[in-house]
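Student: sequence first, then the predicted structure:
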Amino acid sequence: MQIPNQDTIIALSTAPGVGAIAVIRLSGPEAIEIVNDVFHGKSLTEQESHTAHFGTIRDNERADGIAKIIDEVLVTLFIAPKSFTKENVVEISCHGSPFIVQQIIKLFLRKGVRLAKPGEFTQRAFLNGKFDLAQAEAVADLINADTEAAHTAALNQMRGGFSEQIKQLRQELIHFASMIELELDFGEEDVEFADRQDLKNLVEKLLSVIKILANSFDLGNVIKNGVPTVIAGKPNAGKSTLLNALLNEEKAIVSDIAGTTRDFIEDEINLEGVVFRFIDTAGLRETEDKVEAIGVSRTREKMKQASLIIYLFDMKNDSIVEIHRDINMLENLGVPFIKVGNKVDEAQPELYEKLKEGNDVLFISAINKENLEALKTKLVETVNLDKFKTGDTVVTNIRHYDNLIQTQNALTAVMTGLESDITGDFLALDIRQALHYLGEITGEITTDDLLSNIFSKFCIGK
């Protein structure tokens with residue numbers, strides 16, 4: 001597939017703002033010739049690909065007829081098809097003044113170059129066959145990766161590991177799809193080209209692989225987006241103190257007055273390559289204070305939406321009955337939680353002995369920062385990065401996950417049809433559906449709306 005009306009596009013590829021250097025990128029059939037018209041140095045049209053050239057950018061079309069130097073620049077050439085977009089690409093490294101950047105871009109706009117849309121460089125790379133759609137999406141993930149795990153996952157996907165798995169699954173299914181379609185062509189002769197048992201074995205194999213990929217999304221989502229972690233407990237259990245201790249800064253207001261936290265306070269830390277997004281909430285208790293009651297209600301909603309809960313209780317003041325009641329409530333939520341007893345330095349001896357028996361409570365002193373490292377270790381253990389560290393493919397993109405589920409549903413329908421001995425035309429319909437959803441992952445099947453939705457989320461200049 002090719003882009004219609006391939007004009008030349010331009011955008012700032014480095015972050016906007018003042019900096020030592022800014023990089024302006026052009027891509028399109030006439031990119032080199034257009035830049036050559038305003039570049040004073042070597043003739044760019046006579047240079048080889050992947051070479052850099054020093055010179056000046058000059059505005060030759062001033063009303064007074066005097067060419068004005070805009071900046072001294074370094075121009076790098078990438079001649080098609082040996083470029084990111086597989087088109088002629090020119091990258092202009094200029095001084096990082098926003099004024100200089102603006103003047104250079106305005107100069108090229110006057111020469112007929114068009115401003116690039118968000119993600120248009122990567123979109124052109126995809127449409128020109130540089131890589132498939134899943135790999136193109138990994139480019140954005142790589143740019144936004146803020147942990148080692150997220151970086152590794154994006155890099156693996158960009159290198160095509162996930163894509164190859166999907167393409168292999170699809171290719172195996174295409175073979176049987178063609179056999180079923182052939183049967184339909186000879187419908188009146190009652191012939192069977194696709195062995196039903198072989199097809200059943202294949203569908204079982206595909207369902208097994210797809211289930212593993214789909215199940216990896218929980219881990220992939222954590223790697224990419226972090227773990228929403230709610231700190232919940234009664235007022236004055238030390239939730240805000242714990243948040244401040246974990247973040248190592250005074251983020252939340254700490255007070256002896258119960259119910260100080262009325263809304264959510266959020267921040268995040270990186271623990272061994274995983275981002276935990278901590279949410280300090282209003283205390284869990286019945287209250288007649290209308291404002292505090294709203295905060296408690298919102299806390300319960302946040303707990304339902306969380307991926308992990310730190311249940312913090314007060315070893316100095318809470319009773320075993322209150323703690324067990326809260327634990328029972330958390331178990332009914334179905335969200336993983338860690339039991340943490342705070343103020344262990346002031347703990348009721350009897351309460352401490354009872355809770356120590358179960359060996360599933362972590363005892364800390366948030367105010368003294370005692371045993372916080374053990375809590376951090378426990379948090380990382382709940383994520384379980386072992387699967388990711390083995391090098392297995394991990395799905396991190398919600399669109400890919402949705403397509404895998406749709407494929408799973410279509411293949412389940414194929415299996416049901418095989419067991420019910422339905423006719424080939426109905427089997428073919430479900431097989432086509434499965435092929436369609438697998439093809440959407442890698443971009444073998446696309447629509448303009450799908451591409452627009454994906455690439456509009458990229459930054460301009462990429």
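Tutor: Thanks, I have it.
Student: Ile69 - how many residues pack around it?
Tutor: The local packing of Ile69 (other Cβ atoms under 10 Å) involves 10 other residues. For every residue, glycine as well, the C-beta is placed using N, CA and C.
Student: helix/strand/coil for it?
Tutor: For Ile69, the secondary structure call by DSSP: H, G, I helix; E, B strand; the rest coil comes out as strand.
Student: look up how far Phe54 lies from it.
Tutor: Counting by Cβ to Cβ, to the nearest Å, the gap between Ile69 and Phe54 amounts to 13 Å.
Student: scan this protein for its longest helix.
Tutor: Among all segments of the chain classified by DSSP state H, the helix with the greatest residue count is helix 161-185.
Student: what helices or strands is the helix or strand where Val90 lies leaning on?
Tutor: Under DSSP states H and E, the secondary-structure element containing Val90 is strand 89-96. The helices and strands touching strand 89-96, judged by 3 or more Cβ pairs under 8 Å, 6 or more residues apart in numbering; DSSP states H and E, are strand 19-27, helix 31-38, strand 68-78, helix 98-110.
Student: what's the most buried one of these?
Tutor: For the helices and strands packed on strand 89-96, the largest average neighbour count (mean count of other Cβ atoms under 10 Å) is found in helix 31-38, namely a mean of 21.
Student: contacting residues around that one?
Tutor: The list of residues contacting helix 31-38 from outside it, by Cβ atoms under 8 Å, 6 or more residues apart in numbering, reads 8, 26, 43-45, 57-60, 75, 77, 79, 87-90, 92, 107-108, 111-113.
Student: quick revisit: quick check: angle from the strand holding Val90 to helix 98-110?
Tutor: In this structure, strand 89-96 runs at an angle of 150 degrees to helix 98-110, with axes from the mean of the first three to the mean of the last three Cα atoms, to 10 degrees as the basis.
Student: once you drop chain neighbours, what's closest to Asn317?
Tutor: Asn236 (7.5 Å; Cβ to Cβ, 6 or more residues apart in numbering).
Student: do the same with Gly226
Tutor: If you skip the residues right next to it in sequence, Gly226 has Val275 as its closest partner in space, 3.5 Å away by Cβ to Cβ, 6+ apart.
Student: check the gap between the one you found and Arg399 for me.
Tutor: The gap separating Val275 from Arg399 is 21 Å, by Cβ to Cβ.
Student: more crowded one of those two?
Tutor: Comparing Val275 with Arg399 by neighbour count (other Cβ under 10 Å), the higher total belongs to Val275, at 19 against 16.
Student: which SS class is that one?
Tutor: Three-state secondary structure (criterion: three-state DSSP) places Val275 in strand.
Student: residue boundaries of the strands in the stretch 301-450 of the chain?
Tutor: In the stretch 301-450 of the chain, strands defined by DSSP state E, counting those that start in this stretch lie at 308-314, 337-342, 361-363, listed in chain order.
Student: including distance to Phe176, mean pLDDT and mean neighbour count, could those go into JSON lines?
Tutor: Formatted as JSON lines, the entries for the strands of the stretch 301-450 of the chain read as follows, by distance: least, Cβ to Cβ, whole Å; pLDDT from 0 to 100; neighbours: other Cβ atoms under 10 Å:
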{"stretch": "strand 308-314", "distance to Phe176": "43", "mean pLDDT": "92", "mean neighbour count": "24"}
{"stretch": "strand 337-342", "distance to Phe176": "46", "mean pLDDT": "93", "mean neighbour count": "23"}
{"stretch": "strand 361-363", "distance to Phe176": "53", "mean pLDDT": "93", "mean neighbour count": "20"}
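Student: how about these in JSON lines, adding distance to Asn36?
Tutor: Output for those, formatted as JSON lines (distance: least, Cβ to Cβ, whole Å):
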{"stretch": "strand 308-314", "distance to Asn36": "57"}
{"stretch": "strand 337-342", "distance to Asn36": "63"}
{"stretch": "strand 361-363", "distance to Asn36": "66"}
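Student: so which of the ones you listed is nearest Phe39?
Tutor: strand 308-314 (55.3 Å; Cβ to Cβ).
Student: that older thread, closest one to Tyr437 among the strands of the stretch 301-450 of the chain?
Tutor: Among these, if distance is taken as Cβ to Cβ, the winner is strand 308-314, at 31.0 Å.
Student: so the closest one versus strand 337-342, what angle?
Tutor: Comparing the axes of strand 308-314 and strand 337-342 via the same axes, to 10 degrees yields an angle of 30 degrees.
Student: which non-adjacent residue is nearest His436?
Tutor: Leaving aside its chain neighbours, His436 sits nearest to Ile445 (5.7 Å; criterion: Cβ to Cβ, 6+ apart).
Student: can you read off the pLDDT for that neighbour?
Tutor: Model confidence at Ile445, expressed as pLDDT, equals 87.
Student: counting neighbours, what do you get for it?
Tutor: Applying other Cβ under 10 Å, we find 15 residues neighbouring Ile445.
Student: may I have the phi/psi pair for it?
Tutor: When quoted as degrees, to the nearest 10, the phi and psi of Ile445 stand at phi -130, psi 120.
Student: and if you look at Asn236?
Tutor: Per degrees, to the nearest 10, the backbone of Asn236 is at phi 70, psi 20.
Student: am I right that it is in contact with Phe313?
Tutor: No: under the criterion of Cβ atoms under 8 Å, Asn236 makes no contact with Phe313, lying 10.8 Å away.
Student: tell me what Ile231 is bridged to.
Tutor: Using DSSP bridges, the beta-bridge partners of Ile231 come out as Asp280, Ile310.
Student: I'd guessed it sits against Ile310; true?
Tutor: Yes: the pair Ile231 and Ile310 passes the contact test of Cβ under 8 Å, sitting 4.8 Å apart.
Student: which neighbours do these two share?
Tutor: Common contact partners of Ile231 and Ile310 (Cβ under 8 Å, 6+ apart): Leu242.
Student: just to revisit the earlier point, mean pLDDT and distance to Gln168 added to the helices and strands packed on strand 89-96, as JSON lines?
Tutor: Supplementary listing: those in JSON lines, determined by pLDDT from 0 to 100; distance: least, Cβ to Cβ, whole Å:
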{"stretch": "strand 19-27", "mean pLDDT": "95", "distance to Gln168": "32"}
{"stretch": "helix 31-38", "mean pLDDT": "96", "distance to Gln168": "37"}
{"stretch": "strand 68-78", "mean pLDDT": "96", "distance to Gln168": "32"}
{"stretch": "helix 98-110", "mean pLDDT": "96", "distance to Gln168": "44"}
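Student: and these: which comes nearest Ile223?
Tutor: When the helices and strands packed on strand 89-96 are ranked by distance to Ile223, counting by Cβ to Cβ, first place goes to strand 19-27 at 29.0 Å.
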